[in-house]
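> Sequence and predicted structure, then a few things I'm wondering about:
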Amino acid sequence: MGAVWYRIGPIITVVIAIFVLWYAGAVALNTPWAYDKAKRAGVELTTSQLIADTMSQKKPKLPPPHQVGAEIWKTTGAMVVRGKAFSKRSLIYHSWITLSSTLLGFVLGTGLGVALAVGIVYNRTMDMSIMPWVIASQTIPILAIAPMIIVVLNAIGISGLLPKAVISMYLSFFPVVVGMVKGLRSPDHMQLDQMKTWSATGNQEFWKLRLPSSMPYFFTSLKIAMAASLVGAIVGELPTGAVAGLGARLLGGSYYGQTIQIWSALLTAAALAAALVGLIGLMQNIVLKRMGMVR
Amino acid sequence: MWLLAGVIFWLAGWALNVWLAKQPKTRFTRLAVPVIFGVTLIAIWECVVQGFNINAVLLPPPSMIAARFATSTSILWEDFVQTVIKGALSGYVIGCGAAFLTAIVIDRFPFLQRGLLPVGNFVAALPIIGMAPILVMWFGFDWQSKAAVVVVMVFFPMLVNTVQGLQATDHMQRDLMRTYAASYPQTLVKLRLPAAMPFIFNGLKISTTLALIGAIVAEFFGSPIKGMGFRISTEVGRLALDMVWAEIVVAAIVGSAFYGGVALLEKSLTFWHPSQRG
């Protein structure tokens, strides 16, 4: 019990503190509107009435957690109960749109990243000419050109899933390249010499030594790539005219001042990110354990 | 004609790079090879666009982008000031500063460290950019809201890195400080902050890119009629792709310069660290 509390206790405290701050912020930020409303109605507000009002406004500046929670339940769980899980008003539908382009972009980006990394490790010319550009490409705020990629691909008749996946791919290939180059180069001279004494071919050296020893690096970069890929998919949805997806919910909410909708989309995105990264972490644990790399 | 030139450029650039890469690695070859690669890429781009007669709405040739860049420097400068100087830079300074101070407080209290660090790590993986519409709603359309988005975006990566850095000293070193009867501030300033420098700079470098992205994307949710994000989204709407590309060139130059500046500062301040020597 003591050991568990030592680890979990502080986290719980911090999370509770965040909720307390959230409620306090909701009261503080929503008070002016509540006073405004009361003044126009010509009534005096007591403190308890004031707080009750800040907790239940239609378009609050900062919706308190329970309002957001209710909205999320209304657009996910309640929809499932009514058997309309994939209707256009359901967050499950929007999450699915975002998730599909995230995953497609992630797979493409990981593939491209691993291919580039293998090229960079085995080809000196590629190493010298591409590696600096891979690093430079990340100092460019690439998310800024997301709308352009969408519009241009739309103009040549490609729309829907692929343009968003392209943005996700661009964001997620970089961590994979850097991580895999490091990983594929991680076997030291001793191990490489050992392979030589066994007269291993280049192929065998790659499959039996370099690839296995790159796995810890691989999974670490996959986690970063997944988070980046989700961001790419969300931003990619912004300029499509707010049709579907979590990014579209964010933009729609900001157009019409639906703060509760924005927050619920935001929290759903956060939960999605946490679930995806957690899933990779789980895979990492299982794979590395079976390979005998962690105890 | 153009296509032939493109193929020739491609082969020449490739051959030159292969030859240069075979030479012993010097400072010159290390610089020349990527530069030749980049120049070849731009030349091929120009040749392909001209050769296949690709519509400038889809992909303008580099020459057209350069011409547009040269004729509209005043607009680009205005956007640069609005987005980078007012939005990104002020947010970057406030966010990194706040994260740094928070990290020192956290470091003092192990309880906070065990609580805030997992939460901070979790938040750093979230799509924080989604906060942009909310912050635009709170702080208005001008640069203040962009700075706020940047603050939120850079805070957690910076916090996590700084806290990690402050833990980078080993027991031996801290024990030595104790035997010198050093007080807490003395240990912090003379031992732990210098030891944390490589980590702090890592956080600062990650934050440079995030700051620019935050400032530009936040403008998609509402902005005054200037700013790089505003210009990009409106010019895309008008299909003036050459202007969009000119903005991207500015963003690329600013991003690289910002990153490079921080990297140079790192080099001069952490010259003692193994990763900077040799």
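Sure thing, it's come through.
> Was I right to think A:Val277 contacts A:Lys223?
Yes. The pair A:Val277 and A:Lys223 passes the contact test of Cβ atoms under 8 Å, sitting 5.2 Å apart. Every C-beta, even on glycine, is put in place using the N, C-alpha and C of the backbone.
> Can you list the low-confidence ranges for the stretch 1-150 of chain A?
Filtered on pLDDT under 70, the stretch 1-150 of chain A yields the residue ranges A:1, A:79, A:83-88, A:139-144, A:147.
> what does the stretch 151-295 of chain A give?
Under the criterion pLDDT under 70, the flagged ranges of the stretch 151-295 of chain A are A:158-160, A:239-242, A:294-295.
> try it again with 80
Low-confidence segments of the stretch 151-295 of chain A, defined by pLDDT under 80: A:151-161, A:236-245, A:247-248, A:250-258, A:292-295.
> need the helices for it, in chain order.
Applying DSSP state H, counting those that start in this stretch to the stretch 151-295 of chain A gives helices spanning A:161-184, A:189-197, A:202-205, A:211-213, A:215-237, A:246-256, A:259-290.
> what does the stretch 1-150 of chain A give?
Secondary structure of the stretch 1-150 of chain A (DSSP H, counting those that start in this stretch): helices at A:2-41, A:47-54, A:65-75, A:77-81, A:91-122, A:124-139, A:146-155.
> The longest one vs chain B: in contact?
Yes. With Cβ under 8 Å from any Cβ of the partner chain as the threshold, helix A:2-41 lies in contact with chain B, specifically through A:6-7, A:9-15, A:18, A:29.
> Number of residues surrounding B:Phe69?
The number of residues packed near B:Phe69 is 17, by other Cβ atoms under 10 Å in any protein chain shown.
> In terms of helices and strands, where is it?
Assigning secondary structure by DSSP states H and E places B:Phe69 in helix B:62-71.
> tell me what that helix is packed against?
Packed against helix B:62-71, as judged by 3 or more Cβ pairs under 8 Å, 6 or more residues apart in numbering or on different chains; DSSP states H and E, are the following elements: helix B:27-51, helix B:241-269.
> quick one, that helix and helix B:27-51 angle?
Here helix B:62-71 runs at 100 degrees with respect to helix B:27-51, directions being taken by axes from the mean of the first three to the mean of the last three Cα atoms, to 10 degrees.
> Hmm, B:Gly203 is touching B:Met158, no?
Yes. Here B:Gly203 lies in contact with B:Met158, judged by Cβ under 8 Å, at a distance of 4.2 Å.
> quick one: which of these two has more around it?
Neighbours per residue (other Cβ under 10 Å) separate B:Gly203 from B:Met158, with B:Met158 holding more: 28 against 24.
> Which neighbouring residues are in contact with the more buried one, exactly?
Contact partners of B:Met158, counting by Cβ atoms under 8 Å, 6 or more residues apart in numbering or on different chains, are B:95-96, B:99-100, B:103, B:203-204, B:206-207.
> one step back: of all the helices and strands packed on helix B:62-71, which one is nearest A:Ser168?
The minimum distance between A:Ser168 and the helices and strands packed on helix B:62-71 falls on helix B:241-269, with 18.7 Å, by Cβ to Cβ.
> Could I get the average pLDDT for the host helix or strand of B:Val163?
Under DSSP H and E, the secondary-structure element containing B:Val163 is helix B:143-166. The predicted model gives helix B:143-166 an average pLDDT of 87.
> Kindly reformat the helices of the stretch 151-295 of chain A as a markdown table containing mean neighbour count.
Converted to a markdown table, those look like this (neighbours: other Cβ atoms under 10 Å in any protein chain shown):
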| stretch | mean neighbour count |
| --- | --- |
| helix A:161-184 | 24 |
| helix A:189-197 | 11 |
| helix A:202-205 | 12 |
| helix A:211-213 | 16 |
| helix A:215-237 | 25 |
| helix A:246-256 | 22 |
| helix A:259-290 | 18 |
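> from memory A:Ala273 sits against A:Leu230, does it?
Yes. Judged on Cβ under 8 Å, A:Ala273 makes contact with A:Leu230 at a distance of 5.2 Å.
> and the helices of the stretch 1-150 of chain A as TSV, adding mean neighbour count?
Formatted as TSV, those follow (neighbours: other Cβ under 10 Å):
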stretch	mean neighbour count
helix A:2-41	13
helix A:47-54	14
helix A:65-75	17
helix A:77-81	14
helix A:91-122	21
helix A:124-139	18
helix A:146-155	20
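> re the thing from before, which neighbours do A:Ala273 and A:Leu230 share?
In contact with both A:Ala273 and A:Leu230: B:Pro127, using Cβ under 8 Å, 6+ apart.
> Quick check: closest non-adjacent residue to the residue of the stretch 151-295 of chain A found nearest chain B.
Nearest to chain B, among the residues of the stretch 151-295 of chain A, is A:Ser254, at 3.5 Å (Cβ to the nearest Cβ). Nearest-residue entry for A:Ser254: B:Pro133, 3.5 Å, with adjacent residues in sequence omitted and distances by Cβ to Cβ, 6 or more residues apart in numbering or on different chains.
> cool, and A:Leu112?
Here the nearest residue to A:Leu112 in space, its sequence neighbours aside, is A:Phe173; by Cβ to Cβ, 6+ apart that works out to 4.7 Å.
> so the one you found sits right up against A:Val114, yeah?
No. At 9.1 Å, A:Phe173 and A:Val114 do not qualify as touching, with contact defined as Cβ under 8 Å.
> pretty sure the residue of the stretch 151-295 of chain A closest to chain B is touching B:Gly222, no?
Yes. Using Cβ under 8 Å, A:Ser254 is in contact with B:Gly222, at 7.4 Å.
> if I look at these two, which residues touch both of them?
With contacts taken as Cβ under 8 Å, 6+ apart, A:Ser254 and B:Gly222 have B:Val136 as neighbours in common.
> Can you name the residues of the stretch 1-150 of chain B that neighbour chain A?
Proximity of the stretch 1-150 of chain B to chain A is assessed by Cβ under 8 Å from any Cβ, with B:14, B:17-18, B:20-22, B:29-30, B:33-34, B:36-38, B:57-59, B:111-116, B:118-119, B:122, B:125-127, B:129-131, B:133-134, B:136-138 identified as the residues in range.
> Quick one, which of these are buried?
B:17-18, B:20-21, B:29, B:33-34, B:36-37, B:112-116, B:118-119, B:122, B:125-127, B:129-131, B:133-134, B:136-137 (16 or more other Cβ atoms under 10 Å in any protein chain shown).
> between the helices of the stretch 151-295 of chain A, which one is nearest to A:Lys59?
With Cβ to Cβ, the closest approach to A:Lys59 among those belongs to helix A:259-290: 6.0 Å.
> quick one: the closest one to helix A:246-256, angle?
Going by the same axes, to 10 degrees, helix A:259-290 makes 160 degrees with helix A:246-256.
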